[in-house]
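A.B. asks: Sequence and predicted model, in that order:
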Amino acid sequence: MKRRRELGERIGDRRAAAHHTQESFCEATGLSRRHLQRIESGEADARYSDLLKIAKALGTPVSDLTR
């Protein structure tokens, strides 16, 4: 649970640093807003395919998100 929250915080922080709103980030990743909210809050596990989409939209390797 703690690692899930930490991953969500990293994703949210990087999204905000890239000047994306949740809405614009959802458009960039193809994820639903509710799913993204649940990932960022640590309520949901991100599938590997989700992480690939998120990393691509952020221009960063998946390993930077999962460290």
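C.D. replies: Sure, I can see it.

A.B. asks: for the most centrally placed residue in the chain, what are its contacts?
C.D. replies: In the chain, the centroid-proximal residue (CA atoms, centre = their mean) is residue 11; its distance is 4.1 Å. For residue 11, the contacting residues are 39, 40, 46, 54, 65, by CB atoms under 8 Å, 6 or more residues apart in numbering. Yep, even glycine has a C-beta here, placed from its N, CA and C like the rest.

A.B. asks: Okay, and the closest residue to the third one other than its chain neighbours sits in which element?
C.D. replies: On the basis of CB to CB, 6 or more residues apart in numbering, the spatially nearest residue to residue 46 that is not a chain neighbour turns out to be residue 39, at 4.8 Å. Taking DSSP states H and E as the criterion, the element that holds residue 39 is helix 33-41.

A.B. asks: tally of neighbours for the nearest residue to residue 38 once chain neighbours are set aside?
C.D. replies: If the residues on either side of it in the chain are set aside, residue 38 comes closest to residue 44, at 3.7 Å by CB to CB, 6+ apart. Under the neighbour criterion other CB atoms under 10 Å, residue 44 is assigned a count of 16.

A.B. asks: Can you classify residue 44 by secondary structure?
C.D. replies: Here residue 44 is coil, with the state taken from DSSP: H, G, I helix; E, B strand; the rest coil.

A.B. asks: Is it correct that it is in contact with residue 32?
C.D. replies: No. No contact is recorded between residue 44 and residue 32 when judged using CB atoms under 8 Å, the distance being 11.0 Å.

A.B. asks: List the buried residues of stretch 53-67.
C.D. replies: Judged by neighbour count using 16 or more other CB atoms under 10 Å, the buried positions of stretch 53-67 are 53, 54, 55, 57, 58, 65.

A.B. asks: need the longest helix for this structure.
C.D. replies: If you go by DSSP state H, the chain has its longest helix at helix 2-17.

A.B. asks: how about that helix: buried residues?
C.D. replies: Of the residues in helix 2-17, those with enough neighbours to count as buried (16+ other CB under 10 Å) are 4, 7, 8, 10, 11, 12, 14, 15.

A.B. asks: In which helix or strand does the nearest residue to the last one once chain neighbours are set aside reside?
C.D. replies: This points to residue 15. Nearest-residue entry for residue 15: residue 25, 5.1 Å, with adjacent residues in sequence omitted and distances by CB to CB, 6+ apart. Here residue 25 is covered by helix 22-29, with elements defined by DSSP H and E.
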